[in-house]
Structures are given as C-alpha cells and as structure tokens.
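Peer 1: Need a 3D model of the following:
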Amino acid sequence: MNEMQLKFLSRSENEVFARNAVAAFALPLNPSVSELSDVKTAVSEAVTNCIVHAYRGAEGWIGIVCKTDGNRLHIEISDSGRGIEDVEQAIQPFFTTLADEERSGMGFTIMQTFMDEFSVKSGAGEGTCVTMRKDFGGNRHVG
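Peer 2: Numbering: from 1, shown residues only. Alright, predicted model coming up:
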C-alpha cells in the first residue's frame, strides 16, 4: 500500500499538474496506456469541476488523496467550495448549472464511465468530495 496527498489552488493551470501527478503515482501499478488515460481524464474532470463550480472564479483549495491497494488506485478529490444541493440531480448526464457558459454537464458521467467505482458526497455550503477507484490489469471488479 502506498499513499500521497496534494493540496493546490483552484487555478486552471493546476489541472494539468493534478492529472500528471496522479498518473505518475499510478505508474508502479503498471497500467495500460488506456487505463492511465482513463484516470487522467477522470481526474481532469473532477479538478475542473472544483475550479469551475465549487469556487466560481474565486480561489480556494483542492485536495487530492491517492492510495494504492494491490492493483487498485483509490482517488479522493475534494474542495471546500459552495457544495452541491442535489447530488442525484447533479450526476445526471447533461445536467449543468452553467448552461450559459456552454458546459456540457457530462463531467460526472465521464468520471463514472472511465472509473470502476465512483461516488460524490456534498451538501450546499459544505464543499464536495469525489471518490473514485480504478482497477488495473486482469482483476476487474464491478462496483
């Protein structure tokens, strides 16, 4: 088992840093190029959600905790921003609170599709925590 923690400001330039840091941390699990791409895409979507939705132009902290367990990578991405009032509604495909900014509303759907496990915990004014898991190699688990 291995673990790392990152904390960085919600600036758009830090999205690339976050996805590459998580990808580098996952390398000892020997992921395929496709698996690594899935992880990077899901991390990008989660961090972008923090930047765009949680803080809406203001700066705040984004935290990432990664853990490995056998062939599994566990990722937790959190913010202390405005939170999500209705998580069930927010995770529906195409739902967006920023339609006037040409947001697709597919961020959570992409995370769900590319990862083996996905959940969101949030409340209005309480920040948001996205938890994801990716299984590498032959031992796939549906969950």
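Peer 1: what's the helix or strand for E76?
Peer 2: Counting by DSSP states H and E, the element that carries E76 is strand 72-79.
Peer 1: Mind listing residues that contact that strand?
Peer 2: 10, 18, 22, 25-26, 29, 39, 42-43, 46-47, 50, 54-55, 60-68, 127-136 (Cβ atoms under 8 Å, 6 or more residues apart in numbering). All C-beta spots, glycine's among them, are computed from the backbone N, C-alpha and C.
Peer 1: again with stretch 121-138
Peer 2: Contacts of stretch 121-138 (Cβ under 8 Å, 6+ apart): 26, 29-32, 35, 38-39, 42, 46, 49-50, 54, 71-85, 87, 90, 111, 114-120, 141, 143.
Peer 1: what do you get if the cut-off is 6 Å, keeping everything else the same?
Peer 2: Taking contacts as Cβ atoms under 6 Å, 6 or more residues apart in numbering, the residues outside stretch 121-138 that touch it are 29, 31, 35, 39, 42, 46, 71-81, 83-85, 87, 115-120, 141.
Peer 1: Then stretch 1-20?
Peer 2: Applying Cβ under 6 Å, 6+ apart, the external contacts of stretch 1-20 come out as 21, 25, 40, 43-44, 47-48, 50-51, 55, 59-69.
Peer 1: Mind checking which of the contacts of strand 72-79 are in helices?
Peer 2: A18, V22, F25, A26, V39, A42, V43, A46, V47 (DSSP state H).
Peer 1: can you pick the most crowded of those?
Peer 2: Within the ones in helices among the contacts of strand 72-79, neighbour counts (other Cβ atoms under 10 Å) peak at A46, which reaches 32 neighbours.
Peer 1: Just give me the residue closest to the centre of the protein.
Peer 2: Centroid check for the chain by Cα atoms, centre = their mean gives A46 as the closest residue, at 3.2 Å.
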